[in-house]
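Asker: Structure here, sequence nowhere to be found:
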């Protein structure tokens, strides 16, 4: 996972862009602490290829308040599909904050 300091207190991982899910539980601006989201950026969404890709998919985790998934064109419309239990958010927050100084971390997402 990578930290997305551009968007606030959240981390994300790029996934296979062949995974294209329909919009469901779409949220554009302010996810809550513990939300897990999916985002897909279709090809030709940008002119050119920022970030080296014209198409992308990602899963993100919001670990603290004041987060707003953003891209080069502003807020991202994301699909909320899961939520981290409150008892696990404190541990998640500690690891995510370390990523700011130590870089990317391996994360396993499981169904609880």
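Answerer: Everything's here; your move. This is a predicted model, so every value here is computed, not measured. Numbers count the residues shown, from 1 in each chain.
Asker: Which stretches in this structure count as strands?
Answerer: Listed in chain order, the strands of the chain (DSSP state E) span 2-3, 10-15, 26-27, 35-41, 56-62, 70-71, 74-75, 78-83.
Asker: Hmm, residue 35 is touching residue 62, no?
Answerer: Yes: with contact defined as C-beta atoms under 8 Å, residue 35 counts as touching residue 62 (4.7 Å). The way it works is simple: take the backbone N, C-alpha and C, and place the C-beta from them, glycine included.
Asker: how much space between residue 19 and residue 81?
Answerer: Distance from residue 19 to residue 81, counting by C-beta to C-beta, to the nearest Å: 12 Å.
Asker: Between the two, point out the one with more neighbours.
Answerer: residue 81 (13 against 10; other C-beta atoms under 10 Å).
Asker: Report the central residue of the protein.
Answerer: Central residue of the chain (C-alpha atoms, centre = their mean): residue 60, 2.2 Å from the mean position.
Asker: how about that residue, what does it touch?
Answerer: By C-beta atoms under 8 Å, 6 or more residues apart in numbering, the residues touching residue 60 are 4, 10-13, 36-39, 69, 78.
Asker: cool, and residue 106?
Answerer: By C-beta under 8 Å, 6+ apart, residue 106 lies in contact with residue 1.
Asker: so what's the residue lying closest to residue 107 once chain neighbours are set aside up against?
Answerer: Leaving aside its chain neighbours, residue 107 sits nearest to residue 1 (4.6 Å; criterion: C-beta to C-beta, 6 or more residues apart in numbering). Counting by C-beta under 8 Å, 6+ apart, residue 1 touches 11-13, 61, 99, 104-107.
Asker: Can you check the pLDDT for residue 1?
Answerer: The per-residue pLDDT reported for residue 1 equals 85.
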